[in-house]
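>>> Structural data only, the sequence is not supplied:
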């Protein structure tokens, strides 16, 4: 099945203003959002929840750790490519980005605990064990941040699944960061 990559002109009426705002904000319309415009409520939900994620207690490196780890575990080529580029723009250190792209442990023990916990949440479908929770909080995170990980996983699940189903092409803006999972 082919999903349309909408423009402001081709999108359903209920998504047109949102897509126009997206284009104004980013200077282009990312393909993920252009595809989500087919279901205006999905587009709006993704943007609103993404905005809420930016208001969490996590800094940029921590947010991108949650988002990239979820996308890595879910094998989402589009999100791995896009968030690699976004992480670089947000000043996330190159070694952190590289570890997240390779699914390998990070040198920073606190970020590594976040990467590991996020991976466990995704792989267990939201059923981490008591020891997993204790390990996460022992690394310096709180119960608030446990729930913020769930928020990040929810955002990426929405976009990862959309990209899998729609076969979203990687935007030219993210092409230099294109990603494929190593076999």
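Now that the structure is in, tell me what you want to look at. As the structure is a computational prediction, the values presented were derived from the model and not from experiment.

>>> residues of stretch 55-64 that come out buried?
Under the neighbour-count criterion of 16 or more other C-beta atoms under 10 Å, stretch 55-64 has 56, 58, 61, 62, 63, 64 buried. (C-beta placed from N, C-alpha, C; glycine too.)

>>> Is it correct that the second one is in contact with residue 66?
Read that as residue 58. Yes - between residue 58 and residue 66 there is a contact under C-beta atoms under 8 Å: 6.9 Å.

>>> where do the contact lists of those two overlap?
148, 152 (C-beta atoms under 8 Å, 6 or more residues apart in numbering).

>>> and the nearest residue to residue 63 once chain neighbours are set aside, how far is that from residue 152?
Spatial nearest neighbour of residue 63, excluding adjacent residues (C-beta to C-beta, 6 or more residues apart in numbering): residue 53 at 6.3 Å. Going from residue 53 to residue 152 by C-beta to C-beta, to the nearest Å gives 6 Å.

>>> And the two? Which one has more around it.
Set residue 53 next to residue 152 and count neighbours by other C-beta atoms under 10 Å: residue 152 wins out with 27 against 18.

>>> what's the spacing between residue 117 and residue 77?
The gap separating residue 117 from residue 77 is 24 Å, by C-beta to C-beta.

>>> which element is the residue most central in space within the chain on?
The centroid of the chain falls nearest to residue 67 when counting by C-alpha atoms, centre = their mean (3.7 Å). In this structure, residue 67 sits in helix 60-73 according to DSSP states H and E.

>>> what packs against that helix?
If contacts are counted by 3 or more C-beta pairs under 8 Å, 6 or more residues apart in numbering; DSSP states H and E, helix 60-73 sits against helix 77-89, helix 94-102, helix 109-123, helix 143-166.

>>> Please identify the buried residues of the second one?
In this case it means helix 94-102. Of all the residues in helix 94-102, those buried under the rule 16+ other C-beta under 10 Å are 96, 97, 99, 100, 101.

>>> can you check the third one too?
Across helix 109-123, burial judged by 16+ other C-beta under 10 Å covers 111, 112, 113, 114, 115, 116, 117, 118, 119, 120, 121, 122.

>>> Would you check that the second one makes contact with residue 106?
Think residue 112. Yes - shown here, residue 112 and residue 106 form a contact pair, counting by C-beta under 8 Å, at 4.4 Å.

>>> and the residue nearest to residue 161 when sequence neighbours are not counted, what is it in contact with?
Sequence neighbours aside, residue 74 is the residue nearest to residue 161 in space, at 7.8 Å (criterion: C-beta to C-beta, 6+ apart). Listed by C-beta under 8 Å, 6+ apart, the contact set of residue 74 reads 122, 156, 157, 160, 161, 164.
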